[in-house]
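1. next comes the sequence, and after it the predicted model I'd like to discuss.
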Amino acid sequence: MRLTLEDIGYTYGEGTSFAVRALDGVTLSLDRGELVLVLGATGSGKSTLLRIAAGLMPPTEGRVAIDGNALDASRVGGRVGLVFQNPQTQLFAETVEADVEFGPRNLGMSEEEARGTVREALEAVDLDPDEFGPRSPFALSGGEAHRVAIAGVLAMRPEVLLFDEPTAGLDAWGRDAVTGIVASLRAHAGVVVVTHDAEGFLGMADHIVMLADGRPVFTGSREELLADPSCFEQAGLRVPDVLRTQILAEERGIRLGGYTLEVVEAADRMARGRGAGR
Amino acid sequence: MHDPPRAFAVGEDGPQHMIEFSDVTYVYPSAERDVAALDGVSFSLAPGEHVAVLGANGSGKSTLVRLANGLIRPTSGLVTIDGDDTRDVGAMWDVRSRVGVVFQNADNQIVATTVEEDVAFGPENLGVPVGEIRRRVDDSLAAVGLTGLESREPHQLSGGQKQRLAIAGVLALEPAYLVLDEPTSMLDLQGRADVLAAVEHQRRAGRGILHVTHHLADAAAADRVIGLEAGRIVFEGPPGVVLADEDGLESLGVALPPVGRLAAELRSRGVAVPYEAMSAESVAAAL
Ligand SMILES: Nc1ncnc2c1ncn2[C@@H]1O[C@H](COP(=O)(O)OP(=O)(O)OP(=O)(O)O)[C@@H](O)[C@H]1O
Ligand SMILES: Nc1ncnc2c1ncn2[C@@H]1O[C@H](COP(=O)(O)OP(=O)(O)OP(=O)(O)O)[C@@H](O)[C@H]1O
Ligand SMILES: [Mg+2]
Ligand SMILES: [Mg+2]
């Protein structure tokens, strides 16, 4: 399974006086087992890109394909799952259980298997299925509703998962659960994560795409990103704190011998560099 | 017609200028389970004070926010705004104009068909003069970085842009108190820093700020932190005390951000990094 987006362009309201160019020349490919991280400032085109990758709208320019075949939303059939940035809009059923069950049942899963899948999916997002299953999805807290929306997509067991700000509004344990889910999904699926929490996901990303005003200002591996963190600034983003601390340390004359995303490793290098410098 | 809203700085009622929760319990009427979303909560927020509210998902933070502007009324106990009981229907208008709320879901807050009309809506309802509305709209949009998008339709905005719009709408009300329910959950680091700066500006102008957040760095910027667990206040005190209490943090569903963990690792290697250091600058400065 391979999802490819080639030279994607997108203009909202094309041909009108209020046209907005949201994407321009974005190329991305995702294989099973890979995690692609999409970073970018407010309004840079990240959600637009995910909607196109999910087949919810065709690009104005370029091509989206699965295994070389043009993506056709009517035939995607649960192979690509998207968790929306505002996941509340994704909930619709009378109970949490019915909501999460809808996708897998719709894909032809037996009632019994679906029931097991629902429990598994709710447990994965740290919601007790017995407590939350019978409740209305519209009488939940923001973070609880977000977890249900994630569970609903997980239950379909898609081959490609697209997450738009999956940790927004979650407490620390919810964020841990989500990074755990993303890590374990990579065993059998391809995952794209759009996030403002770069530090939460950079450590496991295979590829990073950084958008600025719809254009890719960086595409490459984690190592390439670490070699030149200035692309964060080109994308109008602040360099994540742990990386930024290392840059500031070097500016203070502390030699680190390269940047790392690992907190312990960074501390070792700083302590060592500091000792050597004095 | 309604009485015009009182300015926040006028102290004609004596010592009562604050948002005050007294032994407040709230049970959602729809809840099959007879579980209180808030249970015996008492605290107050004074003008010029910045209070952060921490707590895990489902701990009752948004319930507290809805109670603070009278959107819902306590099942038992009392919520007063500058002495006015939020159960008092006659005071409702006054309460809503003095407590500006940015709700957790920005979509639910959008009322007009263009960005500038949306921001103007609140002040128009308060009967603010036209020229003054223009100034407020321009200033508020500038404060959240939306200048240039005035004539956009709100539903055509990105997630982060909508959140900024919701904040601008409340700034334009110039309320006595700002109650912000995870106002930066969709923003990048720079956006979060910009909003924190705008909040600090409001505080210095004498407004009371109640800021619900899952981020310790936000709590570090407050004067006082309230910690909720399963509907009860389990912590209240200065941020320095919360930041140093690891078990306490765990029960509030907050974790040290990576830069805080880096600071801790450096401390264990003999570098004197202060506990309040929650930014790259402050950690690097200790090296
Ligand atoms: N409309 C409702 N009807 C019934 N119960 C509700 C309703 N809204 C919230 N609850 C429940 O009340 C409790 C408190 O919810 P609240 O929204 O205040 O939590 P919160 O602290 O804001 O959480 P989050 O961080 O997820 O936004 C939760 O157990 C939630 O499930
Ligand atoms: N329906 C729409 N009509 C017109 N313009 C739109 C529409 N949706 C989004 N836009 C614009 O397209 C651009 C990209 O929006 P998008 O939602 O993809 O951004 P984003 O990177 O996801 O931002 P955020 O981090 O704030 O969620 C923005 O300038 C936005 O205002
Ligand atoms: Mg978005
Ligand atoms: Mg909430």
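-> Perfect, I can see it now. Numbering: from 1, shown residues only, chains lettered A, B, ... in the order given. Ligands and ions are numbered 1, 2, ... in the order given.

2. buried sites along the helix or strand hosting B:S22?
-> Here B:S22 sits within strand B:19-26, counting by DSSP states H and E. For strand B:19-26, the neighbour count (16 or more other Cβ atoms under 10 Å in any protein chain shown) marks B:I19, B:E20, B:F21, B:V24, B:T25, B:Y26 as buried. Every residue, glycine included, has its C-beta placed from N, CA and C.

3. and the third one, how far from B:D247?
-> Plainly put, B:F21 is 26 Å away from B:D247 if you go by Cβ to Cβ, to the nearest Å.

4. give me the pLDDT for the closest residue in space to B:D138 that isn't next to it in sequence.
-> What sits nearest to B:D138 in space, not counting adjacent residues and going by Cβ to Cβ, 6 or more residues apart in numbering or on different chains, is B:T147, at 7.6 Å. Note for B:T147: predicted pLDDT of 96.

5. quick check: B:T147 is in a helix.
-> No - using DSSP: H, G, I helix; E, B strand; the rest coil, the secondary structure at B:T147 is coil, not a helix.

6. so it touches B:D139, yeah?
-> No - look at B:T147 against B:D139 with Cβ atoms under 8 Å: they stay out of range, at 10.0 Å.

7. between those two, which is the more surrounded one?
-> Counted by other Cβ atoms under 10 Å in any protein chain shown, B:T147 and B:D139 do not tie: B:D139 has more neighbours, with 15 against 11.

8. for whichever strand or helix holds that one, packing partners?
-> According to DSSP H and E, B:D139 maps onto helix B:130-143. Contacts defined by 3 or more Cβ pairs under 8 Å, 6 or more residues apart in numbering or on different chains; DSSP states H and E place helix B:130-143 against helix B:115-125, helix B:159-173.

9. what about that helix, average pLDDT?
-> pLDDT averaged over helix B:130-143 gives 96.

10. likewise for stretch B:251-267?
-> pLDDT averaged over stretch B:251-267 gives 93.

11. and that stretch, does that touch chain A?
-> Yes - with Cβ under 8 Å from any Cβ of the partner chain as the measure, stretch B:251-267 is seen reaching chain A through B:G253, B:V254, B:A255, B:P257, B:P258, B:V259, B:R261, B:L262, B:E265, B:L266.

12. mind putting those into TSV with neighbour count?
-> Listed next are those as TSV, based on neighbours: other Cβ atoms under 10 Å in any protein chain shown:
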residue	neighbour count
B:G253	23
B:V254	25
B:A255	19
B:P257	22
B:P258	22
B:V259	27
B:R261	16
B:L262	25
B:E265	19
B:L266	24
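
13. the residue in the stretch 1-150 of chain A that ligand 3 sits nearest to and ligand 4: what is the separation?
-> For the stretch 1-150 of chain A and ligand 3, the shortest gap (Cβ to the ion) falls at A:S47, measuring 3.1 Å. Distance, A:S47 to ligand 4, using Cβ to the ion, to the nearest Å: 22 Å.

14. can you tell me the SS state at the closest residue to chain A within the stretch 1-150 of chain B?
-> Here the residue of the stretch 1-150 of chain B nearest chain A is B:N57; by Cβ to the nearest Cβ that distance is 3.1 Å. Of the three states, B:N57 takes coil under three-state DSSP.

15. per-residue pLDDT, it?
-> Looking at B:N57, its pLDDT reads 98.

16. quick one: contacts for the residue of the stretch 51-200 of chain B found nearest ligand 2?
-> The stretch 51-200 of chain B approaches ligand 2 most closely through B:G160 (2.6 Å), counting by Cβ to the nearest ligand atom. Listed by Cβ atoms under 8 Å, 6 or more residues apart in numbering or on different chains, the contact set of B:G160 reads A:A41, A:T42, A:G43, B:M186, B:L187, B:D188, B:G191.

17. return the residues of chain A in contact with ligand 1.
-> Proximity of chain A to ligand 1, by Cβ under 6 Å from any ligand atom, involves residues A:A139, A:L140, A:S141, A:G142, A:G143, A:E144.

18. measure the fourth one to A:V263 for me?
-> Put plainly, it is A:G142. 29 Å.

19. and the helices in chain A?
-> Applying DSSP state H to chain A gives helices spanning A:46-53, A:73-76, A:96-106, A:111-124, A:129-132, A:142-154, A:172-185, A:198-201, A:222-227, A:230-234, A:241-251, A:263-277.

20. which parts of the longest one are buried?
-> This means helix A:263-277. Within helix A:263-277, the residues that qualify as buried are A:V263, A:A266, A:A267, A:D268, A:R269, A:M270, A:A271, A:G273, A:R274, counting by 16+ other Cβ under 10 Å.
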